[in-house]
Every structure is written in structure tokens, then in C-alpha cells.
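> this one's structure only:
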């Protein structure tokens, strides 16, 4: 699996949320709706952790709505966008996702099978050379609410969805990133977020994973 410190490569510059596109609802601000790039291309303003991961992610469109499509075969490479926002004013991170194909025999509790069809990160700078992140996962088998850690505790994982009963269906999510950061990184203040990232991976299971993401927003409570 990819260590979260690799995401520091994504944090070379920061875009203020004031420059993001406003959502229709006054309570939310759009971070990414994938409308700025061409269908079939890697999304502009995003960066893959490694260039070999660029083919994994591409903009797609259905019924006039753009989204990010991910298809990973025997690879596990994150892609992310550098974007900061006021976490006190906008503590809620919202998005929609759908798993298309779960990695074969995947189980995020096991290092040998730690792959996911879809997962989303909120990324926070820890130092000039490392980051902390809260990762939200739609698991094939791990129960909802399970808390996992990786990379010496710098990545805190919350299983948000589990199972294949809604395979191929869009599901909207809202998470209180500020509350989760305070819960998982107890005793430390909450730094300004530095970005969002996604990971559809299948490197540990040596299989294939596919999933889609759309409509990343930050919202007021």
C-alpha cells in the first residue's frame, strides 16, 4: 500500500477554497466537479503519486455529469488535488462514489489483501516532509465503523461502507473531517487541510479494482 508521506508530493502548492467554484447550495463549496478537463483525460489540477498511475484515473461522463473513473490492475497509486479550506467554517467533506469491481478477496485488515475499490483521503500537513490523513473506505468485507491505522499511525482509516449490495450504484457521503481528525489524532490541534486524494488499488491482491468518484464539496454543519 502507498504510504501517506508520499502524498507530500501533492502539496507543493495550495489553492484557497475562495478560489473554488461555489456550489448551488449556499452551505457548500465545490472542491472538484471534474468539469474543467476533457473526457478520457487525467483531470487537470490533480497529480498522481507516480506518473505510472496516471492511466488509472480519467474523467468520464454520464447523463451530462462528469466524474472521475478509476481502473487499477495490480497497482496501487494515489491521485490527489491540492486544495485548502477553512475547517472551522466547513468541517464537512461530501462526495459521491460507487464501487464497480472490488479487488479479489480484498480485506483492509490484512496487509496481504489491503486493497479497496474506492477510498477517499483528507490530507493534512504534519511537517515539511510528511502528512497525516484521514482515509474513508468502502470495503468489500470489513464492517462499517471499523477503525484501522497504517504508516505508523499517520493514516487513520474509517470504514464508511461495506459490502457489494450497492455495487454499481452512486452513494452520497458526508463526513465530519474535523471531528474525525480530533478523534483519531487526539491531543493535537487540527491543521489547515492541504488536499484531497483518492485511491483505487489492487496491488496487494494482484487483481483488478474499479470505482468512480464525483462532486467533492466542503459544507457547513
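Looks like it came in fine. Quantities reported herein were computed from a predicted structural model and do not represent experimental measurements.
> now the helices: where do they sit in the protein?
Assigned by DSSP state H, the helices in the chain fall at 177-184.
> Longest strand in it, please.
Secondary structure of the chain per DSSP state E: the longest strand is strand 208-219.
> Sort out which residues of it are buried, please.
208-219 (16 or more other CB atoms under 10 Å). For the C-beta atoms, the positions are set from N, CA and C on the backbone; glycine is no exception.
> between the residues you listed, which is closest to residue 48?
Nearest to residue 48 among the buried residues of strand 208-219 is residue 213, at 14.4 Å by CB to CB.
> The closest residue to the closest one other than its chain neighbours and residue 214: what is the separation?
Nearest residue to residue 213 in three dimensions, chain neighbours excluded: residue 68, at 4.5 Å (CB to CB, 6 or more residues apart in numbering). Per CB to CB, to the nearest Å, residue 68 is found 7 Å from residue 214.
> Show me whatever sits in contact with both of these two.
Residues within reach of residue 68 and of residue 214 at once, by CB atoms under 8 Å, 6 or more residues apart in numbering, are residue 34.
> May I have the phi/psi pair for residue 194?
Main-chain torsions, residue 194, degrees, to the nearest 10: phi -120, psi -10.
> doesn't residue 126 make contact with it?
No. If you go by CB atoms under 8 Å, residue 194 and residue 126 don't touch, sitting 9.8 Å apart.
> So between these two, which is more surrounded?
With neighbours defined as other CB atoms under 10 Å, residue 194 and residue 126 compare such that residue 194 has more, 25 against 18.
> got a pLDDT number for the more buried one?
Reported pLDDT at residue 194 in the predicted model: 93.
> Compute the distance between it and residue 129, please.
Residue 194 is 13 Å from residue 129, by CB to CB.
> Residue 102 too?
For residue 102, the distance to residue 129 - CB to CB - is 34 Å.
> before we move on, back to that, if I read this right, the residue nearest to residue 213 contacts residue 33, doesn't it?
No. Contact criterion CB under 8 Å: residue 68 and residue 33 do not qualify, at 10.0 Å.
> Are there residues contacting both of these two? Which ones?
Between them, residue 68 and residue 33 share the contacting residues residue 214, judged by CB under 8 Å, 6+ apart.
> re earlier: higher neighbour count, residue 102 and residue 129?
Higher neighbour count among residue 102 and residue 129: residue 102, with 25 against 8, using other CB under 10 Å.
> Find me the pLDDT at the more buried one, would you?
Reported pLDDT for residue 102: 98.
> quick one: contacts for the closest residue in space to residue 34 that isn't next to it in sequence?
Once flanking residues are discounted, residue 34 sits nearest to residue 66: 4.0 Å by CB to CB, 6+ apart. With contact taken as CB under 8 Å, 6+ apart, residue 66 is in contact with 33-35, 39, 59-60, 214.
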